[in-house]
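1. Sequence and predicted structure, then a few things I'm wondering about:
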Number of protein chains: 2
Amino acid sequence: VNELASAPLGVFDSGLGGLTVVRALRAQMPHESFIYLGDTARVPYGTRSHHTVTRYALGCARVLMKHKVKALIVACGTVSAVALDALRVELDVPVIGVIEPSAQLAVKLAQGQRIGVLGTNGTVASGAYPRAVAALSTRSEVVAQAAPLWVPLAEEGWLEGDVPRLAAERYLQPLLAAKVKVVILGCTHYPLLIPVIQEVANRLSGEQIPVIDTGVAVAQAVELFLADRQRQALATAPGSLRAYVTDMPASFRDVAERFLGSPLAHVEQIDL
Amino acid sequence: VNELASAPLGVFDSGLGGLTVVRALRAQMPHESFIYLGDTARVPYGTRSHHTVTRYALGCARVLMKHKVKALIVACGTVSAVALDALRVELDVPVIGVIEPSAQLAVKLAQGQRIGVLGTNGTVASGAYPRAVAALSTRSEVVAQAAPLWVPLAEEGWLEGDVPRLAAERYLQPLLAAKVKVVILGCTHYPLLIPVIQEVANRLSGEQIPVIDTGVAVAQAVELFLADRQRQALATAPGSLRAYVTDMPASFRDVAERFLGSPLAHVEQIDL
């Protein structure tokens, strides 16, 4: 028996948003078990310096390493943008971020045409998506746009009606005017708004614009990686999910279900 | 000469928002000097536990105490709600929060009728405004409503048009349906949206609804306090403003002008 096969996968984010990645991972690999850490005491990371984000990310990663995870999934756009190399240097476990898998999928779908990225101010300013795409293709250009309103809309559950639609129009318009053919949702909060984003993207462009949920792209990459190393969990029982947060477990649980797509029974608080 | 008169006033907030309080303070007392500290490395406080907020607030206060401030103004709704007593116990300087002055002004204007409070989830959940009003009046009830979208709208400078108007309608409707006669803006980001908030409040109610900027209420309280203790700065020259942040001084300066109402020349970064 491969001992690593039965080990859990570790996933961390600055807060709640990474639960949309867990949702995609569990849909893709229902037999895997997950340990989730949301650093809710220090959320959001997007407004912090690279130095601070790297320090926080290493703290989160060390907690998950104690659970003997077989791989570490960085479900935070900001950490994936600025601290992935530092994590890979420091840790003895494979580290998978949200940016590379999404960039790969986008390059495949764009077929040399422009790629749009929507993210937090921090992710946009980091230039991580243009760099990741440039490493994969010399043909596809990236156009990025910050979409700050989508985070509170997702957290509040305000997912339908004029305000989500107008916010989607405001943020998608510059991308579609630049003729992007694929849109990456570069923040893990945004998948809650996929229905309105998809509708607006198709309507404004008059085309079918693929909208990439980074969680789905990551789940495909993780499945491939585990298959390649023969580290997949046996298909004997549904996998488990344990969640930890660094602050406010009760209010985390209240909103978690909307992000996870199913109830989250137990959330424990830990100190970092 | 009263040595304390020439000392600066210390103001701190979890981030940017407190600059609207500084703006109101400087408008009311142009000869006073201010030291501002924005704890941008740990913003926002509103999603954190009382214990964490108290610890952060004490850290901020100690930095300002080193500048020999003559009073400490807590320009953060969350800190004012949960940590004011801890600061008063710990510090040898008068501590003025944003809640008591706003509650006093609201009670005066409401004349026994209901008072509406809009704030972050944390401020609403803390129940601080209902407590502050109950301590002043047994007649006025408080109805509170969280308005999470207003923070990114203010930061993005999206202050006009359908989305700010629809967001204002969504958040004001339950308050006006409950027949509030005064509205307190219990988050220091919200004053940027006062024009649209005032328009919507008057239109939906068919009345003139006073909208209280907590910065203005605090400035009046601080002026009274200084006059009472004879600690006012001499009216010889305009006061100065020095600003410190704990992370990202450049992006702070970019957005600060919108909150402060005038350019912010120098911002220094410090570690807490």
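-> Nice, I can see it. Numbers count the residues shown, from 1 in each chain, chains lettered A, B, ... in the order given.
2. what sits against A:C76?
-> Going by C-beta atoms under 8 Å, 6 or more residues apart in numbering or on different chains, A:C76 touches A:12-14, A:17-18, A:45, A:57, A:98, A:188. (Each C-beta comes from the backbone N, C-alpha and C, glycine too.)
3. again, 10 Å this time
-> A:11-15, A:17-18, A:21, A:38-39, A:43-46, A:53, A:56-57, A:60, A:82-83, A:97-98, A:120, A:123, A:187-188 (C-beta atoms under 10 Å, 6 or more residues apart in numbering or on different chains).
4. Now, those residues that are in helices?
-> Cross-referencing those against helices under DSSP state H gives A:21, A:53, A:56-57, A:60, A:82, A:123.
5. Which residue ranges of the stretch 1-150 of chain A form strands?
-> Taking DSSP state E, counting those that start in this stretch as the criterion, the stretch 1-150 of chain A carries its strands at A:9-13, A:34-38, A:71-74, A:95-96, A:114-119, A:142-146.
6. which regions of chain A sit below the pLDDT cut-off?
-> A:1 (pLDDT under 70).
7. one step back: narrow the contacts of A:C76 to those that are buried.
-> Those of the contacts of A:C76 that meet the buried threshold are A:11-15, A:17-18, A:21, A:38-39, A:43-46, A:53, A:56-57, A:60, A:82-83, A:97-98, A:120, A:123, A:187-188, by 16 or more other C-beta atoms under 10 Å in any protein chain shown.
8. among those, which are in reach of chain B?
-> A:15, A:43-44, A:53 (C-beta under 10 Å from any C-beta of the partner chain).
9. Which one of those is nearest to chain B?
-> A:V43 (6.6 Å; C-beta to the nearest C-beta).
10. residue contacts, A:L87?
-> Contact partners of A:L87, counting by C-beta under 10 Å, 6+ apart, are A:54, A:57-58, A:60-61, A:72, A:74, A:79-80, A:93, A:95, A:97.
11. neighbours of the closest residue to chain B within the stretch 1-150 of chain A, just the number please.
-> Here the residue of the stretch 1-150 of chain A nearest chain B is A:P148; by C-beta to the nearest C-beta that distance is 4.2 Å. As a burial measure, A:P148 scores 21 neighbours (other C-beta atoms under 10 Å in any protein chain shown).
12. Could you do the one 4 residues further on as well?
-> For A:P152, the number of neighbouring residues by other C-beta under 10 Å comes to 20.
13. Got the phi and psi for the residue of the stretch 1-150 of chain A closest to chain B?
-> Main-chain dihedrals, A:P148, degrees, to the nearest 10: phi -60, psi -30.
14. Where does the nearest residue to it once chain neighbours are set aside sit, in terms of helix or strand?
-> Here the nearest residue to A:P148 in space, its sequence neighbours aside, is B:P152; by C-beta to C-beta, 6 or more residues apart in numbering or on different chains that works out to 4.2 Å. In this structure, B:P152 sits in helix B:150-156 according to DSSP states H and E.
15. Also A:A227?
-> Applying DSSP H and E, one finds A:A227 within helix A:214-229.
16. List the buried residues for that helix?
-> Neighbour-count burial for helix A:214-229, counted by 16+ other C-beta under 10 Å, picks out A:214-222, A:225-226.
17. just the angle between it and strand A:9-13, please?
-> 150 degrees (axes from the mean of the first three to the mean of the last three C-alpha atoms, to 10 degrees).
18. What is the next helix or strand along the chain from helix A:214-229 packed up against?
-> Later in the chain than helix A:214-229, the nearest helix or strand by DSSP H and E is strand A:241-245. Contacts defined by 3 or more C-beta pairs under 10 Å, 6 or more residues apart in numbering or on different chains; DSSP states H and E place strand A:241-245 against strand A:9-13, helix A:19-28, strand A:34-38, helix A:50-65, helix A:249-260, strand A:267-269.
19. The shortest one pairs with which strands, and in what direction?
-> When you say that, I think you mean strand A:267-269. Neighbouring strands of strand A:267-269 in its sheet, by DSSP bridges, are strand A:241-245 (parallel).
20. quick one: the partner strand to chain centroid distance?
-> 16 Å (C-alpha atoms, centre = their mean, to the nearest Å).
21. Which residues does it contact?
-> A:8, A:11-12, A:15-16, A:18-19, A:22, A:25-26, A:32-41, A:43, A:60, A:63-64, A:67, A:249, A:251-253, A:256, A:260, A:262, A:264-270, A:272.
22. Those residues of the stretch 101-250 of chain A touching chain B, which are they?
-> Within the stretch 101-250 of chain A, the positions near chain B by C-beta under 10 Å from any C-beta are A:121-122, A:125, A:146-153, A:155-156, A:158, A:161-167, A:169-170, A:246-250.
23. In the stretch 151-272 of chain A, what residue lies closest to chain B?
-> A:P152 (4.1 Å).
24. Spit out the contact partners of the residue nearest to A:E156 when sequence neighbours are not counted.
-> Leaving aside its chain neighbours, A:E156 sits nearest to B:P148 (5.4 Å; criterion: C-beta to C-beta, 6+ apart). B:P148 makes contacts with A:149, A:151-153, A:155-156, A:158, B:46, B:119-121, B:167, B:171, B:187, as judged by C-beta under 10 Å, 6+ apart.
25. Output these in TSV, with distance to B:T236 appended to each entry.
-> Shown next, in TSV, are the contacts of B:P148 (distance: C-beta to C-beta, whole Å):
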residue	distance to B:T236
A:L149	46
A:V151	47
A:P152	45
A:L153	50
A:E155	49
A:E156	49
A:W158	52
B:G46	40
B:G119	39
B:T120	39
B:N121	45
B:A167	45
B:Y171	44
B:C187	35
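26. quick one: which of those residues is nearest B:I209?
-> Using C-beta to C-beta, B:Y171 comes nearest to B:I209 of these, at 13.3 Å.
27. buried stuff in the strand or helix carrying the closest one?
-> B:Y171 is part of helix B:162-177, with elements assigned from DSSP H and E. Buried residues in helix B:162-177, defined by neighbour count with 16+ other C-beta under 10 Å: B:163-172, B:175-176.
28. and chain A, which of the residues you listed contact it?
-> Applying C-beta under 10 Å from any C-beta to those, those adjacent to chain A are B:163-167, B:169-170.
29. now A:P148: how far from A:R55?
-> To A:R55, A:P148 is 24 Å away according to C-beta to C-beta, to the nearest Å.
30. Contacts only, for the residue nearest to A:D162 when sequence neighbours are not counted.
-> Nearest residue to A:D162, sequence neighbours excluded (C-beta to C-beta, 6+ apart): B:L166, at 5.6 Å. Residues in contact with B:L166, defined by C-beta under 10 Å, 6+ apart, are A:161-163, A:166, B:149, B:196, B:200.
31. Redo these as TSV? Include distance to B:T138.
-> Shown next, in TSV, are the contacts of B:L166 (distance: C-beta to C-beta, whole Å):
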residue	distance to B:T138
A:G161	40
A:D162	41
A:V163	38
A:L166	43
B:L149	34
B:V196	34
B:V200	30
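32. Which pair in those residues has the greatest spatial separation?
-> It's A:G161 and B:V196 that sit farthest apart of the contacts of B:L166, by C-beta to C-beta, at 17.9 Å.
33. Mind checking which of these two has more residues around it?
-> Comparing A:G161 with B:V196 by other C-beta under 10 Å, the one with more neighbours is B:V196, at 21 against 11.
34. can I assume the more buried one is in contact with B:A154?
-> No - checked against C-beta atoms under 10 Å, the pair B:V196 and B:A154 is beyond contact range at 11.0 Å.
35. Need the overlap of contacts for these two.
-> Joint contacts of B:V196 and B:A154 (C-beta under 10 Å, 6+ apart) are B:P164.
36. distance of A:A61 from A:L4?
-> Separation of A:A61 from A:L4 (C-beta to C-beta): 18 Å.
37. hey, C-alpha coordinates of the helix holding A:A227 in CSV?
-> Written as CSV, here are the backbone C-alpha positions of helix A:214-229 (Å, rounded to 0.1, in the frame of the first residue of the first chain):
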residue,chain,number,x,y,z
THR,A,214,-9.6,28.6,-11.2
GLY,A,215,-10.8,25.9,-8.8
VAL,A,216,-11.9,23.7,-11.8
ALA,A,217,-8.5,24.3,-13.5
VAL,A,218,-6.7,23.4,-10.3
ALA,A,219,-8.7,20.3,-9.7
GLN,A,220,-7.9,19.0,-13.1
ALA,A,221,-4.2,19.7,-12.5
VAL,A,222,-4.2,18.0,-9.1
GLU,A,223,-6.0,14.9,-10.4
LEU,A,224,-3.4,14.6,-13.2
PHE,A,225,-0.6,15.1,-10.7
LEU,A,226,-1.9,12.4,-8.3
ALA,A,227,-2.5,9.9,-11.1
ASP,A,228,1.0,10.5,-12.5
ARG,A,229,2.6,9.8,-9.1
